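In: my questions are about this predicted structure, shown below with the sequence.
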Amino acid sequence: MHEERSFSDKVWLVLKGLAMGAANKVPGVSGGVVAFVAGFYEEFIYSLQKINRKAFALLLDGRFRSFYQYINGRFLGLLILGMVISYFSVSKLLDYLILHYELYVWSAFFGMIIGSIYYIAKDFGSWNRTYVTYLLAGILAGISISFLEPAKENSNLVFVFFCGIIGVSGMTLPGLSGSFILILLGNYVLLLVDSVNALYDTMADVLQGDFSFTDNPGRMELLKVLAVFATGSLTGLVSLSHLLAYVLKRFKKATYAVIIGFIAGSLGVVWPWKEKIFEYDSAGNIKIDSSGREIITDYDRYFPEEFSWEAASAIFFIILGVFLVLSLDWYYKARNRQYG
């Protein structure tokens with residue numbers, strides 16, 4: 001787990017972090033699925049598990065090198081670097097693509113999730129009645145979550161901290177979309193759009209030597225919200241990893257069965273063909289959130305009634321999504337043959 005990594009491995013790890021961060025920002029898509037499919041899920045969980053009492057003791061004793069090695073710091077550092085970069089690059093690109101090519105983006109994600117289900121299930125081994133029960137429970141949980149009604153936005157810092165703990169779940173639980181959970185909690189725009197944009201604008205101001213933002217109460221409030229959300233996310237990441245490491249060690253196949261079911265159940269969230277259902281005010285106008293976006297309360301999913309060029313293109317992107325995931329499997333098999 002702690003082997004020396006080549007330069008190409010380090011670049012790949014940053015790119016995987018990029019993919020995880022971008023995926024976790026898209027409602028219905030789980031960063032944990034990226035970790036699962038890319039083959040580093042267990043190392044990710046077990047590395048996070050190392051952030052414990054012993055790690056803090058090493059840190060407080062000033063044994064920074066030992067601390068770094070103990071928590072698998074190079075692996076976590078490169079991965080987190082990729083995630084951070086994604087919030088200011090790939091996620092911005094995804095926002096643009098979803099705005100202008102929504103059907104094709106959802107189609108690609110739908111295909112990627114189908115490919116992920118196959119990828120995870122192909123090496124599962126024999127299924128018995130117990131594992132099928134776990135699978136069905138995962139499917140039911142995934143479907144149930146996708147039909148919950150979103151709550152209203154809430155900037156209370158205690159609630160924001162709780163959102164951080166829950167929202168980061170997509171990183172550690174494949175199939176559970178952290179950003180979709182934030183939509184259900186009503187705080188997706190506040191935490192993943194407004195506060196991130198506030199940080200982006202603040203960094204740009206600081207680089208230009210402009211500190212006037214400190215007199216902007218709205219900006220400072222968003223930065224405070226982001227800091228609390230980040231603290232909650234870090235807390236959730238570490239605490240969930242300890243629970244998952246325990247479960248994976250003792251009930252690995254049962255855990256995988258639930259995860260496969262959960263991912264399958266979440267397919268409805270990213271179904272490509274859907275009409276937006278907006279929230280309206282008393283005058284019959286579509287409500288706008290603080291970032292200027294129309295407020296969406298739900299989606300009306302449907303099958304295309306005719307085989308048009310648009311439908312054919314969407315099917316192409318579904319196939320492309322499946323191919324992208326399976327190509328990762330082919331890449332790792334070829335790489336293992338080369339170096340094995």
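Out: Happy to help now that I have it.

In: use CA for all of it now, contacts and neighbours both
Out: Noted.

In: tell me the contacts of Ala178?
Out: Quick fix: residue 178 reads Gly, not Ala. Asn24, Lys25, Pro27, Ser30, Ile166, Gly167, Val168, Ser169, Gly170, Met171 (CA atoms under 8 Å, 6 or more residues apart in numbering).

In: do you have the helices of the stretch 151-300 of the chain handy? List them.
Out: 157-167, 169-172, 178-184, 188-189, 195-207, 217-250, 252-265 (DSSP state H, counting those that start in this stretch).

In: thinking again about what came up before, can I get the contacts of Gly178 in JSON lines including distance to Val14 and pLDDT?
Out: JSON lines is the format used below for these (distance: CA to CA, whole Å; pLDDT from 0 to 100):
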{"residue": "Asn24", "distance to Val14": "15", "pLDDT": "76"}
{"residue": "Lys25", "distance to Val14": "17", "pLDDT": "73"}
{"residue": "Pro27", "distance to Val14": "22", "pLDDT": "63"}
{"residue": "Ser30", "distance to Val14": "17", "pLDDT": "73"}
{"residue": "Ile166", "distance to Val14": "24", "pLDDT": "81"}
{"residue": "Gly167", "distance to Val14": "22", "pLDDT": "80"}
{"residue": "Val168", "distance to Val14": "19", "pLDDT": "82"}
{"residue": "Ser169", "distance to Val14": "20", "pLDDT": "75"}
{"residue": "Gly170", "distance to Val14": "18", "pLDDT": "72"}
{"residue": "Met171", "distance to Val14": "15", "pLDDT": "77"}
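
In: circling back: ok, which of the helices of the stretch 151-300 of the chain comes nearest Phe147?
Out: Among those, helix 178-184 comes nearest to Phe147, with 9.6 Å by CA to CA.

In: state the mean pLDDT of that closest one.
Out: Helix 178-184 shows an average pLDDT of 74 in the prediction.

In: same deal with stretch 288-308?
Out: So the average pLDDT for stretch 288-308 ends up being 71.

In: show the end-to-end separation of that stretch, please.
Out: Taking CA to CA, to the nearest Å, the first and last residues of stretch 288-308 lie 32 Å apart.

In: I figured Ser107 was touching Trp271, is that so?
Out: Yes: between Ser107 and Trp271 there is a contact under CA atoms under 8 Å: 7.3 Å.

In: quick one on the thing from earlier: so which of the helices of the stretch 151-300 of the chain is the most packed in?
Out: helix 169-172 (a mean of 27; mean count of other CA atoms under 10 Å).

In: so which bits of stretch 266-283 are buried?
Out: Neighbour counts over stretch 266-283 (16 or more other CA atoms under 10 Å) mark Ser266, Leu267, Gly268, Val269, Val270, Trp271, Pro272, Trp273, Lys274 as buried.

In: if we can go back for a sec, nearest to Leu48 among the contacts of Gly178?
Out: Of the contacts of Gly178, the one sitting nearest to Leu48 (CA to CA) turns out to be Met171, at 11.3 Å.

In: where does pLDDT dip in the stretch 51-200 of the chain?
Out: In the predicted model of the stretch 51-200 of the chain, residues 90-92, 95, 146, 149-151, 175-176 satisfy pLDDT under 70.

In: measure the residue of the chain positioned farthest from its centre to Leu103 for me?
Out: Of all residues in the chain, Ala283 has its C-alpha farthest from the mean position, at 36.7 Å, by CA atoms, centre = their mean. Distance check for Ala283 against Leu103: by CA to CA, it reads 30 Å.

In: same check on Tyr280?
Out: 24 Å.
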